[in-house]
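# Okay, predicted coordinates and the sequence, questions at the end:
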Amino acid sequence: MPFTATPIVAGDAFDQASRIGEEVDRQLALIDDPAGQHACLRRHWDSLASLGWLAVAMPEEAGGAGGTLSDLAALAGGAGRGGLPLPIASACGVIPYLLADQPALLPGLAEGQHRIVFIPAEAAVDDTTDVPRLAPDGSLTGAVVGIETPPDPTHLLLVLAGAEPALLLLPADAPGISARHYLRIDGRPSADWRFTGVAVEPGWILGRGEAVARRAAEARDLGALLTCVEAVSAAGALLEQTIDYLLNRMQFGVALASHQALRHRVAEMYVEYENLRGLVLQALRAAGAGDGMPWREIAFAKLRLGEAGRFIAQSAIQCHGGMGMTEALPAIRLARRIMMAEFEFGDRTFHAQRLLEAGRRAA
Amino acid sequence: MSAAIDYEAFRTEVRAFAETRCPPEIRAVVATYRKLSRKVWYPWQRILFEHGWGAPGWPKQYGGTGWDLKQRHIFDEVMAECDCPPQYHHGLRHIGPVIIEYGSEEQKGRFLPGILSGEDWWCQGYSEPGAGSDLASLRTAARREGDEYVVEGQKTWTSHAHEADWMYTLVRTSKEAKKQQGISLLLIPLNAPGITIRPIRTIDGWHHVNEVFLDQVRVPVANRVGEEGGGWTYGKFLLERERLGGANVAPALRNLQRTRELLARELGGERHRLKRAMLEERLLLAEAELRGAQALGQEAIAAVMEGRPLGLLPSVLKLGTSVTFQHVAEVALDAVGERLAPRFRPTDAAGPNAEAPGIEWVQNYMYSRVRTIYGGSSEVQKNVIAKQLFGS
Ligand SMILES: Cc1cc2nc3c(=O)[nH]c(=O)nc-3n(C[C@H](O)[C@H](O)[C@H](O)COP(=O)(O)OP(=O)(O)OC[C@H]3O[C@@H](n4cnc5c(N)ncnc54)[C@H](O)[C@@H]3O)c2cc1C
């Protein structure tokens, strides 16, 4: 029996999420035009909301399921395995985490009427503009680029860093906000946002000060952790599919799987995968055990994802030969997704730097 | 002979030509890793052709320069250093030399001038869905009917088929012989009835390659190069000639230099100190490897010029340089990834990537994965090397 990956968190939620992910990936591959793909993503988003995914981590009092981190990880893992190109980490994890003390907002979020974009303080800014800033007169100016979004976003949840950190929830159609929407290379809806003198109403400011910055940093680490769960699950599926390809592809009258060079490469992929899985599982346990986020464990996991994830993705491409260079196979779409995951919620040097600085402070 | 050539003067001459005659907009395409298409290549080939440098590798009697191997190498090096496009290879480096060696006089007169001037664009129809590394198992069949072949089958991964006029194609003309012996080389016009070309999207979202379907395509027997059943030999001749391709490390070094400039531009300031230091070290290690490869490349050229066997050098160069090129592409990705990877999108979808300056580094990284797959995959190169080393 060839290898089957063990889920990080198994169960019905994982199975459901991976089934949906595979279904969406399959449907999207058959649609050519971006508008059609967008419509397909929107349809599935609504159905995820009605299945209760967005409410998994919300308290029961607010209409949520009162789930744990483990429930979130089941969803993120299944979505990763299936290659679901939607921002599950932020929609199910980061955003509910940041809005936990906003009972008025949660039901709309849980039921899917609010489709919120998360814009972290570290969001990329293009050369010609500046990071978003709140002027003393309450107007917001700046721009961010390459932000993953739910389909047809209704709100932006924006973290402002700097001298006075703040958490803002803006209606996406507020005057002065403009967006350019697109699907990025791994099929995820994304947008560039520009704020030109947006008149921020007092009610849109959800919090200010150091506490906001701390909470936002924790939310980012939660996002990083869920992204690791997603990517490691994608890697497990990728490993299975690579093995399957090698068992079935014949050259020189034999299956590619008979060549030791390829078998060893797959064995190396497996070692990297297991190692990463161990690390992610440990971070997940640590996060479930205490208050706040175990940033150190998460930083190590994300650092490892950069190395191991890329190795696994590149090896899978290599083993597939020319087919590895195309978008035709789900395996290669997973490989590309794993490559992209490295750059979300801090890349490997971002997390390496945190670890080194903490080490220096301790010394 | 070669002792009389002043190579340094030659280098200077080539550089002056490249710098003054290669249009800046063409060099910009190379420098920013945009797609080299026929539209970009053709005017450059035309300039070279009019200067008498259309075919550096061909003998003079066919319109070539008659340069020796070292001059050709210098030419390629300088072109890369100046961001001039490497000449489009399918005509000049692949099928042209095969026609010169094995083609009829009629074929030489008919095909070589168009290659030389850039009027005719060629692509290579070798690989098939079932025949990649094991190319000899190809199944596209050509059945003889009078003075025509009727060709039926499918090619895949055919680079440039969507902009080419001709495809030099390996086909099976006999199923009886040993599989290598039943193969012939046909020159097929791509506008022939029965040919369908379908794009394949690669992981970088670009259109580099195609599937080519051949449905009862009629090709005159006069378009067969050499003997029926000789196709494998001609294909191997072509590969032999290409074996020195890896000796030209200049494009990889130029790429490294551009990446170093990228780090300086992208990662200034205190916030990126660690990243910059880490990436600069990786670049330095890559540079050391490329310098080694460059030295080996010079050794390979000297060996050929002195009539010594090349041995494993071509495999060593291909294997090593392709991996180093990928390492450098990874360094660039790591430099820009957080800022640019999330903005990368399929080029022909909604909007152009051009809105995000620097995005080419993300595309370049993705496409660089092909280097260890085509032109003899790394695994196949290692098999070749190991077989020699172990004597079995
Ligand atoms: C972008 C691109 C452009 C191309 N352009 C052209 C073109 O213009 N014309 C053309 O004819 N072809 C072209 N090719 C095809 C290319 O030459 C083939 O992809 C290549 O020969 C590998 O064949 P394959 O894809 O069938 O992979 P496979 O042969 O199926 O190989 C899959 C994997 O198995 C490994 N493998 C195979 N055999 C062995 C072995 N014996 N031992 C150990 N490992 C092994 C390979 O190294 C690879 O990792 C192109 C390919 C790409 C991706």
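Yep, that arrived. It should be emphasised that the depicted structure is a prediction, and the values quoted were computed from it without experimental measurement.
# Send over the worst-scoring helix or strand of chain B on mean pLDDT as CSV, restricted to the C-alpha atoms.
In chain B, no helix or strand scores lower on mean pLDDT, DSSP states H and E than helix B:231-242, which sits at a mean of 83. Output in CSV follows, covering the C-alpha atoms of helix B:231-242 (Å, rounded to 0.1, in the frame of the first residue of the first chain):
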residue,chain,number,x,y,z
GLY,B,231,16.5,10.3,-37.8
TRP,B,232,18.0,9.1,-34.5
THR,B,233,21.5,9.6,-35.8
TYR,B,234,20.8,13.1,-36.9
GLY,B,235,19.1,13.9,-33.6
LYS,B,236,22.1,12.6,-31.8
PHE,B,237,24.4,14.7,-34.0
LEU,B,238,22.4,17.7,-33.0
LEU,B,239,22.7,16.9,-29.3
GLU,B,240,26.5,16.3,-29.7
ARG,B,241,26.8,19.8,-31.2
GLU,B,242,24.8,21.2,-28.4
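# residues of that helix that come out buried?
B:231-235, B:237-238, B:242 (16 or more other CB atoms under 10 Å in any protein chain shown). Glycine gets a C-beta too; all of them are placed from N, C-alpha and C.
# which helices and strands does that helix pack with?
If you count contacts as 3 or more CB pairs under 8 Å, 6 or more residues apart in numbering or on different chains; DSSP states H and E, helix B:231-242 packs onto helix B:96-102, strand B:166-172, strand B:183-189.
# Contact residues of chain A facing the ligand?
Applying CB under 6 Å from any ligand atom, we find that chain A lies next to the ligand at A:249, A:251-252, A:256, A:259, A:261-262, A:318-319, A:321-322, A:325.
# Among those residues, which ones are in strands?
residue A:251 (DSSP state E).
# Okay, and which of the residues of chain A next to the ligand map to helices?
Those of these mapping onto helices are A:261-262, A:318-319, per DSSP state H.
# follow-up on the earlier one: nearest to the ligand, of the helices and strands packed on helix B:231-242?
With distances scored as CB to the nearest ligand atom, the stretch of those nearest to the ligand is strand B:166-172 (8.1 Å).
# before we move on, back to that, the residues of chain A next to the ligand: which two are farthest apart?
Using CB to CB, those span at most 21.0 Å, a distance reached by A:252 and A:325.
# of the two, who's got more company?
Higher neighbour count among residue A:252 and residue A:325: residue A:325, with 24 against 12, using other CB atoms under 10 Å in any protein chain shown.
# and the more buried one, what does it touch?
Applying CB atoms under 8 Å, 6 or more residues apart in numbering or on different chains to residue A:325 gives the contacts A:317, A:332, B:202-203, B:209, B:367, B:369-370, B:373.
# Next: residue A:131.
Counting by CB under 8 Å, 6+ apart, residue A:131 makes contact with A:123, A:125, A:142, A:144, A:161-162.
# Just the buried ones among those, please.
A:123, A:125, A:142, A:144, A:161.
# Which of those residues sits closest to chain B?
Checking those against chain B by CB to the nearest CB gives residue A:125 as the nearest, at 8.2 Å.
# Check the contact between the closest one and residue A:145; I expect there is one.
Yes: using CB atoms under 8 Å, residue A:125 is in contact with residue A:145, at 6.8 Å.
# how deep is residue A:156 tucked in, by neighbour count?
Neighbour count of residue A:156, defined by other CB under 10 Å: 26.
# if we can go back for a sec, which members of the buried residues of helix B:231-242 are the farthest-apart pair?
The most widely separated members of these, counting by CB to CB, are B:231 and B:242 (16.4 Å).
# And the pLDDT for residue 15?
Going with chain A. pLDDT, residue A:15: 98.
# Switch to chain B, please.
Predicted confidence (pLDDT) for residue B:15: 98.
# Residue A:111 too?
Listed pLDDT for residue A:111 reads 85.
# ok, now residue B:1?
On the pLDDT scale, residue B:1 is placed at 48.
# Now do residue A:292 against residue A:299, distance only.
Residue A:292 sits 14 Å away from residue A:299, going by CB to CB, to the nearest Å.
# before we move on, what about residue B:59?
Counting by CB to CB, the gap from residue B:59 to residue A:299 is 62 Å.
# Pick out whichever of those two has more residues nearby.
When residue B:59 and residue A:299 are compared for neighbours, residue A:299 comes out ahead with 22 against 12, by other CB under 10 Å.
# what sits against the closest residue to the more buried one other than its chain neighbours?
The shortest distance from residue A:299 to any non-neighbouring residue, by CB to CB, 6 or more residues apart in numbering or on different chains, is to residue A:351 (3.9 Å). By CB under 8 Å, 6+ apart, residue A:351 lies in contact with A:224, A:298-300, A:302-303.
# SS state for residue A:351?
Following DSSP: H, G, I helix; E, B strand; the rest coil, the label given to residue A:351 is helix.
# Likewise for residue A:141?
Classification of residue A:141 using three-state DSSP returns strand.
# Please enumerate the strands of the stretch 201-350 of chain B.
Chain-ordered strands for the stretch 201-350 of chain B, with DSSP state E, counting those that start in this stretch as the definition, fall at B:207-220, B:224-225.
# Deepest in the core, which of those strands is it.
Highest mean neighbour count among these (mean count of other CB atoms under 10 Å in any protein chain shown): strand B:224-225, with a mean of 22.
# which ones are touching the residue nearest to residue B:167 when sequence neighbours are not counted?
Nearest residue to residue B:167, sequence neighbours excluded (CB to CB, 6+ apart): residue B:125, at 4.3 Å. Residues near residue B:125 by CB under 8 Å, 6+ apart: B:140, B:155, B:158, B:161, B:167-170, B:188, B:212.
# what does the stretch 151-300 of chain B have sitting close to chain A?
B:156-157, B:200-205, B:209, B:274-275, B:278 (CB under 8 Å from any CB of the partner chain).
# Now do the strands in chain A.
Going by DSSP E, chain A shows strands at A:116-119, A:133-134, A:139-148, A:155-160, A:166-171, A:177-183, A:189-199, A:205-208, A:250-251, A:254-255.
# contact partners of the longest one?
To tie it back to what came earlier, the one meant is strand A:189-199. Residues contacting strand A:189-199 (CB under 8 Å, 6+ apart): A:38, A:41, A:85-86, A:117, A:119, A:126, A:129, A:132, A:138-151, A:153, A:156, A:170, A:174-184, B:342-343.
# Then the third one?
In this structure, residues lying in contact with strand A:139-148 by CB under 8 Å, 6+ apart are A:87, A:90, A:117-119, A:123-126, A:129-135, A:168, A:170, A:176, A:184, A:188-200, A:344, B:339-343, B:356.
# burial of residue B:331, as a residue count?
Per other CB under 10 Å, the neighbour tally for residue B:331 reads 24.
# Check whether it really touches residue B:279, as I assumed.
Yes: if you go by CB under 8 Å, residue B:331 and residue B:279 touch, sitting 5.1 Å apart.
# Quickly list what's touching both of the two.
Residues within reach of residue B:331 and of residue B:279 at once, by CB under 8 Å, 6+ apart, are residue B:263.
# In chain B, what residue lies closest to chain A?
Here chain B gets closest to chain A at one residue, residue B:342, 3.3 Å apart by CB to the nearest CB.
# any idea how far residue A:184 is from that residue?
6 Å.
# Need the overlap of contacts for these two.
Shared contacts of residue B:342 and residue A:184, defined by CB under 8 Å, 6+ apart, are found at A:146, A:148, A:190, A:340.
# Who is the third one paired with across the strands?
Residues in a beta bridge with residue A:190, per DSSP bridges, are residue A:148, residue A:182.
# Tell me, how many residues neighbour it?
23.
# Within reach of chain B, which of the ones in helices among the residues of chain A next to the ligand are there?
A:261-262, A:318.
# out of the residues you listed, which are buried?
Neighbour counting with 16+ other CB under 10 Å marks A:262, A:318 as buried within these.
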